[in-house]
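Q: Make a model of this:
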Amino acid sequence: MCFIGSLTYQPNVEAVLHFHRNVLPKIRGLNANARFIVVGMSAPPTILSLQDGKTCFVASSVPDVRPYLDAATLIVVPLLSGAGTKLKVLEALAHGKAVVSTAIGSEGLNLRPGVDLEIAEARNLLRAHASDCSATPRRAAEWPIRAVNASCLSILGNAFQT
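A: As a prediction, this is how the structure comes out:
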C-alpha cells in the first residue's frame, strides 16, 4: 500500500499518521506481509519516525513518484480534512492503480465509488478494502478502473512534467 502526497500539507500528514496508527495495525493483523510506503516531499520528523524498515517505509523528496506508483498494489488516500482537487487520486488512476480513499480524499472528482475506486469512511471499511487488495493483488488489478480518460491523462502529463 502506498500514500503519495506533499508532506508539507498538514491534512496529508494527518492522514498518514491516522492510517499508520489506526488502520495499518488492523491490516497487518489480517496480512502480516502488508507494507505501507509513504512518498512525499519534505517529510516532517513525525512522518520520518514511522519508518521501521519492516512494515513502514518513507521516501521523502523523491525526484519521481512513478517508480513507487508502478510498484504499488494499492494507493490509499485516507484524508480526514482538506480541500481542492486531489491530483494524487487522478495520478494513481492514470497509472491503473486501485485506490481506496475517504470521500474527502476524492472530493471534487467525478468518480464512481465501487467502480473507479473504493470509498471508505469508517476505519473498519478502510481496513477491509485495503487488506483485501493488499492480500490479493490480483483483486486490485481486476478493478474496472476507467475513470481517467485521454483528456485527463493529457492534463496530468502537463501538470507533472518537470
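
Q: Can you classify Ile75 by secondary structure?
A: strand (DSSP: H, G, I helix; E, B strand; the rest coil).

Q: dump the residue contacts of it.
A: Shown in contact with Ile75 (Cβ atoms under 8 Å, 6 or more residues apart in numbering): 1-4, 69, 88-89, 92, 97-100. For every residue, glycine as well, the C-beta is placed using N, CA and C.

Q: Closest one of the residues you listed to Glu14?
A: The shortest approach to Glu14 among the contacts of Ile75 belongs to Phe3, at 11.7 Å (Cβ to Cβ).

Q: Assess the claim that that closest one and Leu74 are in contact.
A: No. Contact criterion Cβ atoms under 8 Å: Phe3 and Leu74 do not qualify, at 10.1 Å.

Q: all helices in the protein, in order from the N-terminus.
A: Assignment of helices within the chain using DSSP state H yields the ranges 10-18, 24-30, 45-48, 66-71, 87-94, 123-135, 137-142, 150-160.

Q: Going by mean pLDDT, which of those helices comes out lowest?
A: The minimum mean pLDDT among those belongs to helix 150-160 (a mean of 38).

Q: Can you check what pLDDT the model gives Gly84?
A: 63.

Q: so which of the contacts of Ile75 would you say is closest to Asn31?
A: Nearest to Asn31 among the contacts of Ile75: Met1, at 10.0 Å, using Cβ to Cβ.

Q: how close does the closest one sit to Pro63?
A: 22 Å (Cβ to Cβ, to the nearest Å).

Q: what about these two, which has more around it?
A: Set side by side, Met1 and Pro63 show more neighbours around Met1, with 25 against 7, by other Cβ atoms under 10 Å.

Q: Check that one and give its pLDDT.
A: pLDDT at Met1 comes out at 88.

Q: Residue numbering should commence at 26 henceforth.
A: In the new numbering, first residue 26, that becomes Met26.

Q: That one contacts Arg60, correct?
A: Yes. Counting by Cβ under 8 Å, Arg60 is a contact partner of Met26 at 7.0 Å.
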